[in-house]
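**Q** quick one, fold the following:
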Amino acid sequence: MALLKFRSAAATAPAAPAGDPAALEAFLQGYSIEVMPRTAEKVENFRDLLPEGTRVYIAHIEGTPIADMVATAKRLKGEGYDVMPHFPARIIKDAATLENWIAMYQGEADVKQALLLAGGVETPHGDFHSSMQLMETGLFDKAGFERLHVAGHPEGNRDIDPKGGDAVVMEALRWKQAFSDRTDAQMALATQFAFEAGPVIEWANRLSAEGITLPIHIGIAGPAKLQTLIKFAIACGVGPSLKVLQKRAKDVTKLLLPFEPTEILNQLAAHKAANPAFNIEKVHFFPLGGIKTNAQWAIDNGGASGRPANQN
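**A** Got it, this is the predicted structure:
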């Protein structure tokens, strides 16, 4: 019932023009972006690409040595960026390993924030299988972490709810909201990427209706070849909004052109401009077509006023 009520509210709310550059620029302020150690190695100087202080998530893929993760964090911190490494529960063997990782990040890169997630590994390597278990250790609080982000899934997650629906996902979100209410750490939901604004708005409004007030940092796939996005969307379990890409793939005139996130971001920006209390707070980019391409798109569209650090 709540979802239907908020659909109606969204439909009747006044909206800013879909292509309003000022609304888009405002929506992109403070955006974050994700890198992996192997992709970061290809960037000579991040200050040529990103505004100073940009939050840079460091994705921890199974098999990546922790030393490589920490070295990447140290480099980014040294270049003036707000570093947020992933802590995937299912590849962390035990509490001692987790405590060691935290100590390494803090000792070498002064890390004070983390994205906690289950991780894409089917069989856990050790004691943990969920981000909630990582939080329950108390180790992030003990180390004085100031910000903890957790995963959000606007289109559900078959890994969590294998039979479909979102009952387990919503139960986990309620737990995370309760944890946020009792901790000093700033928390937010960093979501999987999507390609259609309508379902994202409905999902965000539903969370508000159910008392989940964690700010949302909406995941957006950066510019990339259509075939690349379809591949990642299928691999990551992006469901309903995949039809946006499939529809475009049927148009041979667009098949070879890069897909850009302009339409979904314009629509979300317009909704935010018309509804300032809307709970999507920031944009988080997945640079699936390359970090340089993504950074340039953000510059061209006014992210952080369009200025990388070396042009400030």
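**Q** the stretch 201-312 of the chain: helices as residue ranges?
**A** Using DSSP state H, counting those that start in this stretch, the helices of the stretch 201-312 of the chain run over 226-235, 242-249, 262-274, 291-300.
**Q** can I get the ones you listed in a markdown table including mean neighbour count, distance to Ser32 and mean pLDDT?
**A** All C-beta atoms are positioned from the backbone trio N, CA, C, and that covers glycine. Conversion of the helices of the stretch 201-312 of the chain to a markdown table gives the following (neighbours: other C-beta atoms under 10 Å; distance: least, C-beta to C-beta, whole Å; pLDDT from 0 to 100):
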| stretch | mean neighbour count | distance to Ser32 | mean pLDDT |
| --- | --- | --- | --- |
| helix 226-235 | 16 | 18 | 73 |
| helix 242-249 | 15 | 23 | 64 |
| helix 262-274 | 20 | 14 | 96 |
| helix 291-300 | 19 | 11 | 94 |
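**Q** look up how far Asp94 lies from Met104.
**A** According to C-beta to C-beta, to the nearest Å, Met104 and Asp94 sit 16 Å apart.
**Q** more neighbours, those two?
**A** Neighbour count, other C-beta atoms under 10 Å: between Met104 and Asp94, Met104 has more, with 17 against 13.
**Q** Ile216 is nearest to which of the helices of the stretch 201-312 of the chain?
**A** Between Ile216 and these, the tightest spacing by C-beta to C-beta is seen for helix 262-274, at 10.4 Å.
**Q** SS state for Gly53?
**A** Recorded secondary structure, Gly53: coil (DSSP: H, G, I helix; E, B strand; the rest coil).
**Q** sorry, back to before: and the helices of the stretch 201-312 of the chain: which comes nearest Val43?
**A** Closest to Val43 of the helices of the stretch 201-312 of the chain is helix 291-300 (C-beta to C-beta; 6.4 Å).
**Q** residues contacting the closest one, please?
**A** The contact list for helix 291-300 (C-beta atoms under 8 Å, 6 or more residues apart in numbering) reads 28, 31, 33, 35, 39, 43, 49-50, 222-224, 258, 260-261, 285, 287, 304, 306-308.
**Q** hmm, which of those are the buried ones?
**A** Neighbour counting over these (16 or more other C-beta atoms under 10 Å) leaves 28, 31, 33, 35, 43, 49-50, 222-224, 260-261, 285, 287, 304, 308 as the buried ones.
**Q** which residues of this structure score low on pLDDT?
**A** Scanning the chain for pLDDT under 70 picks out 1-18, 156-165, 232-257, 304-307, 309, 311-312.
**Q** any idea how far the helix or strand encompassing Asp141 is from the chain center?
**A** Asp141 is part of helix 139-142, with elements assigned from DSSP states H and E. The chain centre lies 22 Å from the centre of helix 139-142; the measure is C-alpha atoms, centre = their mean, to the nearest Å.
**Q** which positions in it come out as buried?
**A** Buried residues in helix 139-142, counted by 16+ other C-beta under 10 Å: 139-140.
**Q** same for the helix or strand hosting Phe179, what does it pack against?
**A** Element membership for Phe179, per DSSP H and E: helix 167-182. Packing partners of helix 167-182 (3 or more C-beta pairs under 8 Å, 6 or more residues apart in numbering; DSSP states H and E): helix 131-136, strand 186-193.
**Q** kindly provide the distance from the spatially closest residue to Ile280 that is not a sequence neighbour to Gly78.
**A** Leaving aside its chain neighbours, Ile280 sits nearest to Ile216 (4.6 Å; criterion: C-beta to C-beta, 6 or more residues apart in numbering). In this view, Ile216 and Gly78 are 30 Å apart by C-beta to C-beta.
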